[in-house]
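Participant: This is a predicted model, with the sequence first.
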Amino acid sequence: MAPKKPSRCAHQNLTFTPSTNAEGTGYKQPTLSQRIAATTPLGSIGSISKEEKERLEDDAQQGTFPAPLVLPEDELSWDPTYPPQSFRSWTRLKERNKVTPSRRTVYFAEAPRWEPGLEFLETWMEPNGNSGAGARVEHPKTGDVLDYLKAFYYGLPVKMLPAPGLVFTLDVDEGPKKRAGRGRGRGRTAAPLAGDRRTLWLNTNTRSGAIGIRTRPTPKGDFSHQLNLNDLLDAAIEILPDDAYALLMLVRHDIYDDEEDDFACGTAYGGSRVAVVSSARYNPILDRKQRVGREHAWPSSHCEEYLRGCCEDGEDDDEGRRKKKRKVVKNKVEKEDKQMPMYKALEAHLSLPPFDKVSSPSTLYGLWLARVCRTASHELGHCFGIDHCVYYACSMQGTASIIEDARQPPYLCPVDLAKVLKATGADIEERYEALLGFCEKHKGTHLFAAYRIWIKERLGELKKRKVLKGERRVEVIEID
């Protein structure tokens with residue numbers, strides 16, 4: 001008899017507290033009082049009214065904003081005492097660039113194009129072993145990513161960088177300035193360097209002219225070649241418009257930070273207000289090779305059974321022997337718990353067809369788009385001076401791997417939301433409505449379908465609070 005195929009996880013229960021692995025790492029989620037204080041201008045509960053305290057307590061509910069997962073190999077497992085950045089700390093950060101009337105536009109630079117003679121750059125974008133037409137997935141459209149960023153940073157103008165943009169070129173004789181990134185790899189044209197390394201010239205179409213972008217071959221890697229991240233960041237600085245608050249450059253090639261790194265997905269020079277994100281590693285074609293789980297991506301990443309399995313798999317002692325399994329008591333889920341925003345988001349996630357080994361082109365496109373959008377909004381957050389979050393599961397959490405990246409949410413926690421609202425001047429409900437509008441257009445994508453319902457539930461919480469506040473005022477008037 002053929003063995004039975006493993007059944008799909010039912011995701012019956014969700015966990016809103018850190019995993020059992022967190023205790024062993026030394027991570028402790030800040031207390032409720034500390035989390036509430038972290039959202040206030042003075043960093044203290046004593047500085048706010050009773051009504052405001054109740055509002056913040058409602059915001060901190062675990063069924064809406066769960067704790068970080070802290071699974072084995074996660075960022076907080078490696079650095080469990082990473083210092084938190086409260087709203088007060090952020091406002092007092094000297095290095096933070098403030099939004100001003102003359103510098104408030106967020107620019108989005110599309111991936112560099114190339115001139116004739118550099119067509120090999122297209123093959124560099126294809127994962128090794130997946131060059132067949134049937135293996136290709138449509139790359140996230142620039143307009144879709146732009147629309148998401150407009151909603152995420154609602155309140156500020158978010159625009160495409162005006163044409164002609166960035167172009168890889170063979171001709172570096174034109175323009176007043178020709179240099180290699182970081183002062184290395186000088187040369188003319190796409191000149192080969194040691195070990196088939198070469199410098200590509202990127203025409204910025206500014207007074208700076210062309211900038212050299214170092215590359216390296218990676219024949220045993222997932223892509224044949226990679227571009228140097230630091231050189232790309234230098235190019236981003238050169239094209240930063242005078243009226244820009246920040247600029248995000250999207251690249252389609254695989255990138256690396258330094259010689260020790262296998263790859264990078266992106267980073268930001270917060271002080272310089274620029275960020276670079278590569279979409280290459282988020283290609284769903286690479287999921288199996290990179291061990292990226294689709295079934296337990298957010299919000300099902302909080303699945304109790306899944307978390308238990310991850311922690312048990314990682315429970316080896318110092319000599320590599322399997323530890324005895326802990327006796328785990330399953331959480332009892334009450335009927336009212338199922339009405340929490342996270343459970344509602346899970347229902348929406350599960351309402352779509354499950355991910356199969358070979359998914360439809362539209363499903364894979366949505367998966368790729370969602371990953372790029374989440375990382376793009378995260379890296380731009382650093383340009384606003386926002387540090388990695390340790391208070392909650394949050395879009396601004398640090399990540400140690402592509403695997404962890406897929407488990408993290410698209411929303412901002414109450415602490416980091418307060419920072420973004422302050423920076424953009426947006427109204428909280430209007431911002432959620434803008435994000436809801438984007439998710440409505442992409443509700444066939446698992447993450448955006450779940451995010452759509454999460455936002456609806458969140459807006460319901462906010463509107464309910466308004467009603468209760470109005471009733472309280474009526475009562476006071478009647479007493480008087």
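Facilitator: Ah, there it is. Numbers count the residues shown, from 1 in each chain.
Participant: end-to-end on stretch 239-246?
Facilitator: End-to-end span of stretch 239-246 (Cα to Cα, to the nearest Å): 11 Å.
Participant: model confidence over that stretch, on average?
Facilitator: Mean per-residue pLDDT for stretch 239-246: 96.
Participant: For it, buried residues please.
Facilitator: Within stretch 239-246, the residues that qualify as buried by neighbour count (16 or more other Cβ atoms under 10 Å) are 239, 240, 244, 245, 246. Placement of C-beta: from N, CA and C, glycine included.
Participant: ok, the first one to residue 202 distance?
Facilitator: The span separating residue 239 from residue 202 equals 10 Å under the rule Cβ to Cβ, to the nearest Å.
Participant: list the residues that contact both of those two?
Facilitator: Common contacts of residue 239 and residue 202 (Cβ atoms under 8 Å, 6 or more residues apart in numbering): residue 166.
Participant: could the buried residues of stretch 239-246 be laid out in a markdown table, adding distance to residue 260 and secondary structure?
Facilitator: Converted to a markdown table, the buried residues of stretch 239-246 look like this (distance: Cβ to Cβ, whole Å; DSSP: H, G, I helix; E, B strand; the rest coil):
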| residue | distance to residue 260 | secondary structure |
| --- | --- | --- |
| 239 | 28 | coil |
| 240 | 28 | coil |
| 244 | 32 | strand |
| 245 | 33 | strand |
| 246 | 28 | strand |
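Participant: can you tell me which two in those are farthest apart?
Facilitator: By the measure Cβ to Cβ, 239 and 245 form the most distant pair in the buried residues of stretch 239-246, at 14.4 Å.
Participant: Pass me the low-pLDDT residue ranges in this structure, would you?
Facilitator: Low-confidence segments of the chain, defined by pLDDT under 70: 1-7, 130-135, 172-196, 314-336, 356-358, 468-480.
Participant: ok, so what distance separates the nearest residue to residue 86 once chain neighbours are set aside from residue 351?
Facilitator: Spatial nearest neighbour of residue 86, excluding adjacent residues (Cβ to Cβ, 6 or more residues apart in numbering): residue 38 at 3.9 Å. Counting by Cβ to Cβ, the gap from residue 38 to residue 351 is 35 Å.
Participant: next one: residue 65
Facilitator: 23 Å.
Participant: out of those two, which sits in the busier spot?
Facilitator: Using other Cβ atoms under 10 Å as the criterion, residue 65 and residue 351 rank with residue 65 on top: 24 against 12.
Participant: what's near enough to touch residue 29?
Facilitator: Residue 29 touches 17, 18, 22, 35, 67, 68, 390, 391, counting by Cβ under 8 Å, 6+ apart.
Participant: let's see 7 Å
Facilitator: By Cβ atoms under 7 Å, 6 or more residues apart in numbering, the residues touching residue 29 are 18, 67.
Participant: try residue 379
Facilitator: Applying Cβ under 7 Å, 6+ apart, the residues near residue 379 are 248, 266, 267, 268, 275, 277.
Participant: Please apply the same query to residue 298.
Facilitator: By Cβ under 7 Å, 6+ apart, the neighbours of residue 298 are 407, 408, 409, 447.
Participant: likewise residue 53?
Facilitator: With contacts defined as Cβ under 7 Å, 6+ apart, the neighbours of residue 53 are 36, 45.
Participant: so what's the spatially closest residue to residue 121 that is not a sequence neighbour bridging to?
Facilitator: Distances taken as Cβ to Cβ, 6+ apart place residue 114 nearest to residue 121, at 4.9 Å, with adjacent residues excluded. Counting by DSSP bridges, residue 114 forms beta bridges with residue 168.
Participant: Isn't residue 301 up against residue 409?
Facilitator: No - counting by Cβ atoms under 7 Å, residue 301 does not reach residue 409; the two are 8.3 Å apart.
Participant: Which neighbours do the two have in common?
Facilitator: Between them, residue 301 and residue 409 share no contacting residue, judged by Cβ under 7 Å, 6+ apart.
Participant: Help me confirm that the residue nearest to residue 121 comes into contact with residue 120.
Facilitator: No - counting by Cβ under 7 Å, residue 114 sits too far from residue 120 to count as a contact (9.0 Å).
Participant: Which one of those two is surrounded by more residues?
Facilitator: residue 114 (19 against 11).
Participant: Tell me how far the more buried one lies from residue 13.
Facilitator: Note on residue 114: its distance to residue 13, by Cβ to Cβ, is 51 Å.
Participant: part of a helix, is residue 248?
Facilitator: No - counting by DSSP: H, G, I helix; E, B strand; the rest coil, residue 248 is located in no helix; its state is strand.
Participant: tell me which element the residue nearest to it when sequence neighbours are not counted is part of?
Facilitator: Sequence neighbours aside, residue 275 is the residue nearest to residue 248 in space, at 4.9 Å (criterion: Cβ to Cβ, 6+ apart). In this assignment (DSSP states H and E), residue 275 forms part of strand 274-278.
Participant: With only the CA atoms kept, save that strand in CSV.
Facilitator: Only the C-alpha atoms of strand 274-278 are listed here, as CSV (Å, rounded to 0.1, in the frame of the first residue of the first chain):
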residue,chain,number,x,y,z
VAL,A,274,18.3,56.0,0.2
ALA,A,275,17.4,52.3,0.0
VAL,A,276,18.0,49.5,-2.5
VAL,A,277,15.8,46.3,-2.7
SER,A,278,16.5,43.3,-4.9
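Participant: Show me how far the helix or strand following it is from its chain's centre.
Facilitator: Counting by DSSP H and E, the next helix or strand C-terminal to strand 274-278 is helix 287-290. Its chain's C-alpha centre and that of helix 287-290 lie 19 Å apart, by Cα atoms, centre = their mean, to the nearest Å.
Participant: What are the buried residues along helix 287-290?
Facilitator: residue 287.
Participant: Repeat that for stretch 257-274.
Facilitator: 257, 263, 264, 265, 266, 267, 268, 269, 270, 272, 273, 274.
Participant: could I get those as CSV with distance to residue 385 and secondary structure?
Facilitator: Shown next, in CSV, are these (distance: Cβ to Cβ, whole Å; three-state DSSP):
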residue, distance to residue 385, secondary structure
257, 21, coil
263, 26, coil
264, 21, strand
265, 21, coil
266, 17, strand
267, 15, strand
268, 10, strand
269, 12, strand
270, 6, helix
272, 12, helix
273, 10, coil
274, 14, strand
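Participant: Next, give me the two most distant ones among those residues.
Facilitator: Largest separation among the buried residues of stretch 257-274 by Cβ to Cβ: 263 and 273, giving 24.4 Å.
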